[in-house]
Structures are given as structure tokens and as C-alpha cells.
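Q: Give me the fold of what follows.
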Amino acid sequence: MPQLLFMIAFAFAAAFGRADEPVECAALPEPRVDEQTGVRWYRDIAYTEGEEAHPTKHRLDLLLPAEDKWREGRPMLIWIHGGGWTIGDKDDALGLYTRYCRILAENGVGTANISYRLSPDVKHPAHIEDVAAATAWLVERAGKIGFDKRHLFVSGHSAGGHLAALLATDHRWLEKQGLPRDTIAGAIPSSGVFDLESLVSQGRRWQRAFSVEDAPAASPVTHVDAEDPPFVLVIEGNGLFMQAQTRRLAEALKATGAEPEVVTLAGVNHITMLADLLDRNGAHATASLKLIDRVVRGPEAGNGPQEKPRMDTGQASGKSDDSGP
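A: Below you'll find the predicted structure:
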């Protein structure tokens, strides 16, 4: 186990992009098809084109269920990698993100594993603009891809958790892409930073990605309102700073009358919690599938209403039951 956790930490810190030529936006490449599960993997699709397109970062992978194995509602989930807005890629060194997306696809959920431009080459709002552009690319091709655009969800870890929450709460970025504010049906941010205002003024670490002036607008807590989609917040049990950030977003959501669920992974920190992505019965997969089913079927069906937020760090296992996805 220690060796696995070291490898995860290395992969997170040393994630890299691919140098292949991107696929044109209008086309889907031939997929790799898993013979056992039927999951279709479409790699390195460019979601932005033209002179402004980044040669490696404006790309996504699609991992889709076999045509006869879509989950009810034919849902799609966007996965956004972490790395402090300065490192990382959809193609992390150990393939953790692809493996996680494959787990969801095997459970009937289409997934889009996306990359985006990084700081210090760019600053906010470039990261969220890229996420919104990838979202628009997906919505425009929902019929061709085969998912129901009413059931589009977003998730991500660390910086990706921040961007997932910002996409779901600050609707300006969707609207700039010509999309309605209710494009995102639900959000599952994992260990993200949601209130940047006091942090960015503290030093260069934060200012590589955000200006002091932009920090309030870049904070999801600034934009929370009663029309936001349902949230499930995943957080590590060992990490007071990230727990406090999650608590702030949960409280902001509760103030609007929402009941976000908070799932705590005991005994792990911000990096080692990534091992949960490899667990078919892990907190990330279970929370995502339950939220998807709840939204698609309605609160009276399937897994019932959301639990109230809990911050029992160090105690909860991160799994709601033993059944798994």
C-alpha cells in the first residue's frame, strides 16, 4: 500500500500531456473497445480549434458504455484533473483518471476526461473558460455521442474540484458558450478550494493562477444561489484546510435551502485519497452514481433523498453502504 500511495503522489506531481496531433472537432476517432465490457474509449479529441487552440491542452477523452449498457437517463459526467492549476493532464502518469472514468462507463455513465490550459502560462479565467468550452463541445454533440444533455454532471479533484464547482455555480461561463444555466445537472467536487478571496492575497503560490482582483469572482462560494444543481462534496479525513474549504461551500449551499451531501474519506490526505478512484466501490464512484440516479429518477426513486451534510472527518468510511455501484 505505501508503494501504491507513493506512485499516486508521483503521478499527481508529474502528470504530463501527450504530443499527438489532435482530432478535428467535427470528427470522432475510431474507439478502442474493451472486449469484455464493451466500453468505448475515444482518445485525444480536440474540443477547441483555430489559432487559439492549445496543441495538447484543449483535448478530451470519451469513455462510453456499450450501446446496450447505458444507465437510465443516458448520463454523461465531465471529469476535471487537479494539480493546483499549474500541473496535470487528463493523461496522468498512472492512468488513474482514465481508470476512474472506465469504472463509471462500465456502470453505464458516459465520461469526458478533459485537459485545460495551465498557469503560469495563463491565469483565471482561462481554466474555467476551457472547461466551459469542453462542456459546449459535448452538448453540441450529445446526439452523436449518445447521451442525454439533460443529464450532464461534473466532477474533479483539487483544482478540478474547484473548477467543477465554479462551472456549476457561476453560470456566466456556460452562458458565454450559448448554454443555459441549468446545463449542469449535478456536481461532485472532490477536495477543492472554494473560497479564494483571502488566499490569493497571501502569496505567490495562489497568484500564479489568480489575480487578487479576480479572486472573489473565481470563488464558487461567491456565486451560490437557490438555482444551483445538487452537490455531493467529497473530502479527505486528514486535512483541516481542505475540510474548512468544503465546510464553507456546504454552508453556502445550505443557506439557499439546498441539502448537499458531504462524504468523508477516513485516514487519507489530499493526495492519498486518489487511491479511491481505483475502487469500484469507492466513495467517488458510489457518490457519483447515487447522485446521477437521484437526479435522473427523482428524489422519490432509487436511493431516496440526499443525506444532510456531515463533517465527521476521521470517522466515516466514505462509503454509504456495502452494495457498491
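Q: When you work out contacts or count neighbours from here on, use the C-alpha atoms and nothing else.
A: OK.
Q: Can you get me the start-to-end distance on stretch 101-121?
A: 28 Å (CA to CA, to the nearest Å).
Q: in that stretch, what's buried?
A: The neighbour-count check on stretch 101-121 (16 or more other CA atoms under 10 Å) flags 101-119 as buried.
Q: Now find how far off-centre stretch 228-243 is within its chain.
A: Stretch 228-243 sits 13 Å away from the centroid of its parent chain (CA atoms, centre = their mean, to the nearest Å).
Q: can you check stretch 35-49 too?
A: Distance of stretch 35-49 from the chain centroid (CA atoms, centre = their mean) equals 17 Å.
Q: heads up, I number from 54, so please use that
A: In the new numbering, first residue 54, that becomes stretch 88-102.
Q: hey, C-alpha coordinates of that stretch in PDB?
A: Presented in PDB, the C-alpha positions along stretch 88-102 are these (Å, rounded to 0.1, in the frame of the first residue of the first chain):
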ATOM      1  CA  GLU A  88     -13.800  -6.900 -25.400                       C
ATOM      2  CA  GLN A  89     -15.100  -7.800 -22.000                       C
ATOM      3  CA  THR A  90     -17.100  -4.700 -21.100                       C
ATOM      4  CA  GLY A  91     -17.800  -3.100 -24.400                       C
ATOM      5  CA  VAL A  92     -16.600   0.300 -23.100                       C
ATOM      6  CA  ARG A  93     -15.500   2.500 -26.000                       C
ATOM      7  CA  TRP A  94     -12.500   4.800 -25.500                       C
ATOM      8  CA  TYR A  95     -12.100   7.700 -27.900                       C
ATOM      9  CA  ARG A  96      -8.800   9.400 -27.300                       C
ATOM     10  CA  ASP A  97      -7.300  12.900 -27.700                       C
ATOM     11  CA  ILE A  98     -10.300  14.800 -29.300                       C
ATOM     12  CA  ALA A  99      -9.700  18.500 -29.700                       C
ATOM     13  CA  TYR A 100     -12.600  20.500 -28.300                       C
ATOM     14  CA  THR A 101     -11.300  23.800 -29.400                       C
ATOM     15  CA  GLU A 102      -9.900  24.600 -32.900                       C
END
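Q: Spell out which residues sit in contact with residue 217, please.
A: 133, 207-209, 240-242 (CA atoms under 8 Å, 6 or more residues apart in numbering).
Q: Looking at the residues you listed, which is nearest residue 284?
A: Set against residue 284, the nearest of these by CA to CA is residue 240 (4.9 Å).
Q: Is the closest one bridged to anything, and to what?
A: Residue 240 has these beta-bridge partners by DSSP bridges: residue 207, residue 284.
Q: returning to that earlier point: may I see the ChimeraX selection of the buried members of the contacts of residue 217?
A: Buried residues within these, by 16+ other CA under 10 Å, are selected in ChimeraX with:
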select :133,207,208,209,240,241,242
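Q: sorry, back to before: restricted to helices, list the buried residues of stretch 154-174.
A: If you go by DSSP state H, the buried residues of stretch 154-174 have 154-159 in helices.
Q: Could you single out the nearest of the residues you listed to residue 338?
A: Checking those one by one against residue 338 (CA to CA), the nearest turns out to be residue 157, at 6.8 Å.
Q: How about the contacts made by the closest one?
A: Counting by CA under 8 Å, 6+ apart, residue 157 touches 163-164, 338, 342.
Q: hmm, back to that, how about JSON lines for the ones in helices among the buried residues of stretch 154-174, with pLDDT and distance to residue 179 added?
A: Below are these laid out as JSON lines (pLDDT from 0 to 100; distance: CA to CA, whole Å):
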{"residue": "154", "pLDDT": "98", "distance to residue 179": "24"}
{"residue": "155", "pLDDT": "98", "distance to residue 179": "28"}
{"residue": "156", "pLDDT": "98", "distance to residue 179": "30"}
{"residue": "157", "pLDDT": "98", "distance to residue 179": "28"}
{"residue": "158", "pLDDT": "98", "distance to residue 179": "29"}
{"residue": "159", "pLDDT": "98", "distance to residue 179": "32"}
